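Trainee: generate a structure from the sequence data that follows.
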Amino acid sequence: MADATKRETEWKVKVVELYPAFNKFVRKVKTELLFLLTFMDVKVNHVLFKEKDAADYVYFIIEGKFEVTKTIYFER
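Mentor: Numbering: from 1, shown residues only. The predicted structure is shown next:
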């Protein structure tokens, strides 16, 4: 296994084992999740999704900074 692949697999295992959202999942489900998780590096100012986009993915921020914004409209 290449170092990058091994490192990614180790991260996936850590995410599934340590992230509180997965605590109640049985081991079989956690194992299946390992195959569904995908890691991606994102460049500065990259927009992952915009307000009102369909929720097709769940994002876990492993490291770095991010910003979440919400547009609020006021009637006059």
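
Trainee: what ranges do the helices span in the protein?
Mentor: With DSSP state H as the criterion, the chain has helices at 3-18, 27-36.

Trainee: show me how far the shortest one is from its chain's centre.
Mentor: So the one you mean is helix 27-36. Relative to the centre of its chain, helix 27-36 is centred 15 Å away, using CA atoms, centre = their mean, to the nearest Å.

Trainee: angle of it against helix 3-18?
Mentor: 140 degrees (axes from the mean of the first three to the mean of the last three CA atoms, to 10 degrees).

Trainee: hang on, the earlier thing: tabulate the helices of the chain (a markdown table), appending mean neighbour count and mean pLDDT.
Mentor: Placement of C-beta: from N, CA and C, glycine included. Below are the helices of the chain laid out as a markdown table (neighbours: other CB atoms under 10 Å; pLDDT from 0 to 100):
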| stretch | mean neighbour count | mean pLDDT |
| --- | --- | --- |
| helix 3-18 | 12 | 84 |
| helix 27-36 | 11 | 88 |
